[in-house]
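Colleague: would you be able to build a 3D model of this:
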Amino acid sequence: MGVLATIAKNLDTLIGPGVTLLFPLIPVWPYMKLLFCIWLVLPIFNGAAYIYENIVREYVKPSDYINFISSSTSKRPEGQNKFLQMMSLDARKSVERFIDQYGPEAFERVVRAVRSN
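Modeller: Numbers count the residues shown, from 1 in each chain. Sure, this is the predicted structure:
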């Protein structure tokens, strides 16, 4: 059983090079790779954003990490934390830096000034 278990665990290592050798035999494979790269890179297709939004973001949630840090290290009111959660990551970092530097009262004054205009 030891030999079979080792082969089963390393099956991808054993079969991988063989499959890699078969890809060049598919006549359209280089063109498929080129089209995929074009789809990822060119902004008109927005492919990288699509993959990030639909696949990567499900597994990497920066908002959970930031919410944990925000709630554990700051003494902001709950309303401000809810407001920060609705913002984009870059905007949230900027607002958090502003609040940490000038205080929550200064942030409230800025929000009131924007609302009055």
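Colleague: residue nearest the centroid of this protein?
Modeller: Closest residue to the average C-alpha location of the chain: Arg57 at 4.7 Å, with C-alpha atoms, centre = their mean.
Colleague: from the chain's centroid, how far away is the helix or strand hosting that residue?
Modeller: In the assignment (DSSP states H and E), Arg57 maps to helix 57-59. Put simply, helix 57-59 sits 7 Å off its chain's centre (C-alpha atoms, centre = their mean, to the nearest Å).
Colleague: tell me the mean pLDDT for it?
Modeller: Helix 57-59 shows an average pLDDT of 75 in the prediction.
Colleague: same question for stretch 42-53.
Modeller: pLDDT averaged over stretch 42-53 gives 88.
Colleague: over to stretch 99-117?
Modeller: The average pLDDT within stretch 99-117 is 85.
Colleague: and stretch 8-18, by the same measure?
Modeller: What stretch 8-18 shows for mean pLDDT is 77.
Colleague: list the contacts of it.
Modeller: Residues from elsewhere that reach stretch 8-18 (C-beta atoms under 8 Å, 6 or more residues apart in numbering): Ile7. In this view, the C-beta of every residue, glycine as well, is placed from N, C-alpha and C.
Colleague: can I get the CA coordinates of that stretch in PDB?
Modeller: Output of stretch 8-18 as PDB, limited to C-alpha atoms (Å, rounded to 0.1, in the frame of the first residue of the first chain):
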ATOM      1  CA  ALA A   8      -1.800   8.200  -6.000                       C
ATOM      2  CA  LYS A   9      -0.500  11.300  -4.100                       C
ATOM      3  CA  ASN A  10       1.900  12.300  -6.800                       C
ATOM      4  CA  LEU A  11      -0.200  11.400  -9.800                       C
ATOM      5  CA  ASP A  12      -0.300  15.000 -11.000                       C
ATOM      6  CA  THR A  13       3.500  15.100 -10.900                       C
ATOM      7  CA  LEU A  14       3.700  12.000 -13.000                       C
ATOM      8  CA  ILE A  15       1.100  12.800 -15.600                       C
ATOM      9  CA  GLY A  16       1.700  16.600 -15.800                       C
ATOM     10  CA  PRO A  17       4.700  16.500 -18.100                       C
ATOM     11  CA  GLY A  18       2.900  14.200 -20.500                       C
END
